[in-house]
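Novice: fold the following for me, if possible:
(one chain, ligands or ions: 2)
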Amino acid sequence: MSGTRPRVVLVGLPGAGKTTVGRLLAGALDVDFVDTDLEVERAAGTSVPEYFRTHGEASFRELEHDVVVRMLAQHDGVLALGGGAVLHPGTQEALRGHTVVLLDVAAERALARVSLSGERPLLAGDPAGRFETLRRDRLPVYERVSTLTVSTSDRRPQDVAAEVLRAVWGAAASLPADVLARLDAAASGPALAATPTRIPVTGTAGYDVVVGRGLDDEVVRLVGEASRALLLHARATAPLARRHAAALEAAGVTAVLHTLPDAEDAKTLEVVARCWDLLGDERFGREDVVVAVGGGATTDVAGFVAASWLRGVRLVNVPTTLLGMVDAAVGGKTGINTAHGKNLVGAFHPPAGVVCDLDALTTLPVADLRAGLAEVVKAGFIADERILSLVEADGGLAAQDPGSDVLRELVERAVAVKARVVGEDLREAGLREILNYGHTFGHAVERTEGYRWRHGDAVAVGMVFAAELARAAGILAADVADRHRSVLGLLELPTTYRGGRWADLHDAMAHDKKVRGNVLRFVVLEDVARPTVLRGPAPEHLEAAYAAVTGARRSGPGPSAQGAEPQEHEQPLR
Ligand SMILES: NC(=O)c1ccc[n+]([C@@H]2O[C@H](COP(=O)([O-])OP(=O)(O)OC[C@H]3O[C@@H](n4cnc5c(N)ncnc54)[C@H](O)[C@@H]3O)[C@@H](O)[C@H]2O)c1
Ligand SMILES: O=C(O)C(=O)C[C@@H](O)[C@H](O)[C@H](O)COP(=O)(O)O
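Specialist: Numbers count the residues shown, from 1 in each chain. Ligands and ions are numbered 1, 2, ... in the order given. Down below sits the predicted model:
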């Protein structure tokens with residue numbers, strides 16, 4: 001894409017609607033949408049609020065400037081700039097000659113939108129007062145760099161997008177017919193199908209995670225030149241798998257469908273062996289591909305089948321559960337369970353691509369949607385506080401609505417966290433352990449319960465256990481530990497576990513992959529987005545955490561209160 005330029009660059013204050021309108025514009029023009037905040041987070045390896053906290057605004061603006069300049073040179077779709085990006089003189093200069101649209105918004109409207117969209121470091125404390133100051137300082141700069149101003153106050157995003165298209169490309173009649181059709185659809189009511197977001201996973205095996213709606217073509221594109229595709233799916237996703245199979249057949253690929261047992265029953269050696277037989281019967285070669293259409297259990301098994309057949313063939317993941325989209329399908333961990341525990345046999349085998357079609361979530365039972373939200377919340381606690389504030393903003397309602405923009409943002413943010421981590425540490429040499437937050441206890445609960453618990457439910461309780469352990473060890477403040485219960489509670493996820501099972505749980509935790517030389521190691525937090533590893537926790541702290549999870553008692557006051565001597569822990573993992 002080098003040497004191209006964005007069709008339009010959107011600037012404006014936080015809450016002006018740059019992301020929403022940007023996606024609509026990109027959808028109408030059939031081009032990609034890029035939000036520079038997400039690109040900056042990718043470049044920084046952390047969230048914007050966390051970068052502000054640790055490096056300060058000046059350093060953030062330099063990094064943001066570099067990203068904006070790169071995007072102006074490379075991106076040929078729609079580009080939305082972070083609210084303060086234009087403050088950098090170099091960025092003002094770089095915008096010269098581009099089509100820059102200022103989305104202007106009234107203060108009360110913007111504040112209402114911002115309060116629903118999570119942490120904004122520059123508005124902390126006194127949002128109304130600070131917003132007025134931002135508006136006063138920035139408006140003259142926005143006006144100087146922009147070629148057009150469009151108001152977004154009290155208007156539907158599609159009407160704003162339509163005005164931008166008409167103003168930038170002249171009379172509607174001069175727009176190409178397909179753009180006109182999409183524009184008409186937007187103007188007559190329903191919002192435009194938003195354009196997909198591509199989140200790259202860098203590192204040894206680079207691939208994209210595509211998030212959006214109506215993404216069947218992406219699957220065909222990823223299967224590409226293969227002559228055969230084995231589509232492994234759950235019973236519940238058979239209709240979807242059949243639809244993909246038909247599209248592949250139409251593209252000249254021989255599609256073989258195979259139904260896996262439900263949930264954890266699929267993660268066995270017998271099931272994998274059956275798939276190997278099928279691949280042999282159908283003469284699958286090195287150029288052929290395995291496609292997983294299902295939840296995390298399906299992508300784990302399909303991934304292991306792809307990793308082991310002929311020592312590795314291509315894998316395309318089409319996750320159909322929230323948990324699959326934000327976690328299991330991304331990152332290349334594949335595997336099955338054994339009698340000794342969860343995921344004990346497997347391989348690192350990154351997919352060729354991941355297609356997260358949010359439309360699949362409309363048939364997902366709400367209990368499974370919530371289980372997926374546990375892993376979303378995990379991403380919030382370990383790396384991106386904005387995820388937590390997005391959930392808290394309306395008591396967790398929009399997060400549980402598969403059609404909401406909030407859920408889409410949660411998916412994108414959780415995928416971005418995972419992509420950042422696995423891009424740096426595919427084989428879990430260090431940093432990747434943070435993704436295991438809540439899993440040491442969670443996996444133990446799953447094993448103790450004979451895998452009848454949903455994975456996400458077990459991880460929810462596991463995070464409460466990890467928070468109580470950190471609090472007992474004097475590492476984590478009481479209010480952050482309590483926030484685990486409150487956020488997970490909003491999503492109706494379990495935060496307690498029954499008593500009397502400590503011996504079984506402890507035995508299961510002794511098989512955890514993070515154990516080194518028989519010493520238990522737990523990912524814990526020093527604060528939100530400050531994960532670390534606690535090595536060999538004191539038995540009384542473990543038992544206090546268990547007691548707290550059973551509801552018997554709290555595990556201790558945390559470091560902000562008197563009396564707790566912090567236990568030593570390893571270097572922070574960030
Ligand atoms: N490899 C990794 O990095 C990783 C990460 C997280 C979790 N996991 C694994 O993922 C598994 C949990 O994944 P999960 O929560 O997706 O569970 P799952 O795959 O068991 O799916 C949950 C249920 O939803 C059904 N289902 C799937 N898609 C559906 C749809 N669109 N509509 C209706 N029903 C649908 C499934 O048939 C199943 O009954 C666990 O085995 C866990 O260990 C792996
Ligand atoms: O991707 C990772 O790394 C994770 O730890 C993500 C977890 O959410 C996931 O459940 C993973 O399968 C656990 O891995 P394991 O190595 O503890 O089995």
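Novice: and the helix or strand harbouring Phe381 with ligand 1, contact?
Specialist: Under the criterion of DSSP states H and E, Phe381 resides in helix 366-383. Yes. Using C-beta under 6 Å from any ligand atom, helix 366-383 reaches ligand 1 at 368, 371. Every C-beta, even on glycine, is put in place using the N, C-alpha and C of the backbone.
Novice: quick one: contacts of the helix or strand that that helix is followed by?
Specialist: Remark: after helix 366-383, the chain's next helix or strand is helix 385-393, criterion DSSP H and E. For helix 385-393, contacts defined as C-beta atoms under 8 Å, 6 or more residues apart in numbering pick out 47-50, 115-119, 373, 376-377, 379-381, 398-399, 406, 409-410, 413-414, 483, 486-487, 490-491, 528-529.
Novice: and the angle for helix 385-393 with helix 366-383?
Specialist: 140 degrees (axes from the mean of the first three to the mean of the last three C-alpha atoms, to 10 degrees).
Novice: buried sites along helix 385-393?
Specialist: Within helix 385-393, the residues that count as buried by 16 or more other C-beta atoms under 10 Å are 385-393.
Novice: okay if I get these as JSON lines plus pLDDT and distance to ligand 1?
Specialist: Listed next are the buried residues of helix 385-393 as JSON lines, based on pLDDT from 0 to 100; distance: C-beta to the nearest ligand atom, whole Å:
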{"residue": "Glu385", "pLDDT": "92", "distance to ligand 1": "21"}
{"residue": "Arg386", "pLDDT": "90", "distance to ligand 1": "21"}
{"residue": "Ile387", "pLDDT": "94", "distance to ligand 1": "16"}
{"residue": "Leu388", "pLDDT": "96", "distance to ligand 1": "19"}
{"residue": "Ser389", "pLDDT": "92", "distance to ligand 1": "23"}
{"residue": "Leu390", "pLDDT": "93", "distance to ligand 1": "21"}
{"residue": "Val391", "pLDDT": "96", "distance to ligand 1": "18"}
{"residue": "Glu392", "pLDDT": "95", "distance to ligand 1": "23"}
{"residue": "Ala393", "pLDDT": "92", "distance to ligand 1": "25"}
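Novice: report how many residues lie close to the closest residue to ligand 1 within the stretch 51-200 of the chain.
Specialist: Ligand 1 sits closest to Ile199 of the stretch 51-200 of the chain, with a gap of 15.6 Å, by C-beta to the nearest ligand atom. Other residues lying near Ile199 total 23 when counted by other C-beta atoms under 10 Å.
Novice: what's the helix holding Phe381 packed up against?
Specialist: Counting contacts by 3 or more C-beta pairs under 8 Å, 6 or more residues apart in numbering; DSSP states H and E, helix 366-383 packs against helix 322-323, helix 385-393, helix 405-424, helix 455-472, helix 478-490, strand 521-527.
Novice: other SSEs contacting the fourth one?
Specialist: Translated: helix 455-472. Using 3+ C-beta pairs under 8 Å, 6+ apart: helix 455-472 touches helix 366-383, helix 439-448, helix 478-490, strand 521-527, helix 539-549.
Novice: and it, what's its mean pLDDT?
Specialist: Taken as a whole, helix 455-472 has an average pLDDT of 98.
Novice: just the CA atoms of it, as PDB, please.
Specialist: Provided in PDB are the C-alpha atoms of helix 455-472 (Å, rounded to 0.1, in the frame of the first residue of the first chain):
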ATOM      1  CA  HIS A 455     -14.000 -22.700  30.900                       C
ATOM      2  CA  GLY A 456     -14.800 -18.900  31.200                       C
ATOM      3  CA  ASP A 457     -16.800 -19.500  34.400                       C
ATOM      4  CA  ALA A 458     -13.800 -21.300  35.900                       C
ATOM      5  CA  VAL A 459     -11.500 -18.500  34.800                       C
ATOM      6  CA  ALA A 460     -13.800 -16.000  36.500                       C
ATOM      7  CA  VAL A 461     -13.500 -17.700  39.800                       C
ATOM      8  CA  GLY A 462      -9.800 -18.200  39.200                       C
ATOM      9  CA  MET A 463      -9.300 -14.500  38.800                       C
ATOM     10  CA  VAL A 464     -11.100 -13.800  42.100                       C
ATOM     11  CA  PHE A 465      -8.700 -16.400  43.700                       C
ATOM     12  CA  ALA A 466      -5.600 -14.800  42.100                       C
ATOM     13  CA  ALA A 467      -6.800 -11.400  43.300                       C
ATOM     14  CA  GLU A 468      -7.400 -12.700  46.900                       C
ATOM     15  CA  LEU A 469      -4.000 -14.400  46.800                       C
ATOM     16  CA  ALA A 470      -2.300 -11.200  45.800                       C
ATOM     17  CA  ARG A 471      -4.200  -9.300  48.400                       C
ATOM     18  CA  ALA A 472      -3.200 -11.900  51.100                       C
END
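Novice: angle of that helix against helix 366-383?
Specialist: 40 degrees.
Novice: still on that earlier bit, and the helices and strands packed on helix 455-472 as JSON lines, adding mean neighbour count and distance to Arg136?
Specialist: Formatted as JSON lines, the helices and strands packed on helix 455-472 follow (neighbours: other C-beta atoms under 10 Å; distance: least, C-beta to C-beta, whole Å):
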{"stretch": "helix 366-383", "mean neighbour count": "25", "distance to Arg136": "33"}
{"stretch": "helix 439-448", "mean neighbour count": "25", "distance to Arg136": "48"}
{"stretch": "helix 478-490", "mean neighbour count": "19", "distance to Arg136": "34"}
{"stretch": "strand 521-527", "mean neighbour count": "23", "distance to Arg136": "33"}
{"stretch": "helix 539-549", "mean neighbour count": "20", "distance to Arg136": "48"}
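Novice: so which of these gets nearest Glu433?
Specialist: With C-beta to C-beta as the measure, strand 521-527 is the member of the helices and strands packed on helix 455-472 nearest Glu433 (5.6 Å).
Novice: give me the sheet partners of that closest one and which way each runs.
Specialist: strand 530-535 (antiparallel) (DSSP bridges).
Novice: now the partner strand and helix 478-490, what's the angle there?
Specialist: Using the same axes, to 10 degrees: strand 530-535 against helix 478-490 is 100 degrees.
Novice: in strand 530-535, what's buried?
Specialist: 530-534.
Novice: hang on, isn't Gly285 packed against Leu310?
Specialist: Yes. Using C-beta atoms under 8 Å, Gly285 makes contact with Leu310 at a distance of 7.3 Å.
Novice: helix or strand right after the helix or strand of the chain with the lowest mean pLDDT?
Specialist: Taking mean pLDDT, DSSP states H and E as the measure, helix 107-115 is the helix or strand of the chain with the lowest mean score, a mean of 66. With elements assigned by DSSP H and E, the helix or strand that comes after helix 107-115 is helix 127-145.
Novice: helices and strands around that next one, which ones?
Specialist: Looks like helix 127-145 contacts helix 89-94, strand 100-104, helix 107-115 (3+ C-beta pairs under 8 Å, 6+ apart).
Novice: which other residues reach the first one?
Specialist: Contacts of helix 89-94 from elsewhere in the structure, counted by C-beta under 8 Å, 6+ apart, are 64-65, 68-69, 72, 81, 85-86, 141, 144-145.
Novice: swap the cut-off to 7 Å and go again
Specialist: Contact partners of helix 89-94, identified using C-beta atoms under 7 Å, 6 or more residues apart in numbering, comprise 65, 68-69, 72, 85-86, 141, 145.
Novice: can you list these in CSV and add secondary structure?
Specialist: Converted to CSV, the contacts of helix 89-94 look like this (DSSP: H, G, I helix; E, B strand; the rest coil):
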residue, secondary structure
His65, helix
Val68, helix
Val69, helix
Leu72, helix
Ala85, helix
Val86, helix
Val141, helix
Val145, helix
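Novice: how about the residues you listed in JSON lines, adding neighbour count, pLDDT and distance to Lys514?
Specialist: Formatted as JSON lines, these follow (neighbours: other C-beta atoms under 10 Å; pLDDT from 0 to 100; distance: C-beta to C-beta, whole Å):
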{"residue": "His65", "neighbour count": "20", "pLDDT": "97", "distance to Lys514": "39"}
{"residue": "Val68", "neighbour count": "24", "pLDDT": "96", "distance to Lys514": "39"}
{"residue": "Val69", "neighbour count": "16", "pLDDT": "96", "distance to Lys514": "41"}
{"residue": "Leu72", "neighbour count": "20", "pLDDT": "96", "distance to Lys514": "43"}
{"residue": "Ala85", "neighbour count": "23", "pLDDT": "95", "distance to Lys514": "40"}
{"residue": "Val86", "neighbour count": "23", "pLDDT": "95", "distance to Lys514": "45"}
{"residue": "Val141", "neighbour count": "18", "pLDDT": "96", "distance to Lys514": "49"}
{"residue": "Val145", "neighbour count": "20", "pLDDT": "96", "distance to Lys514": "49"}
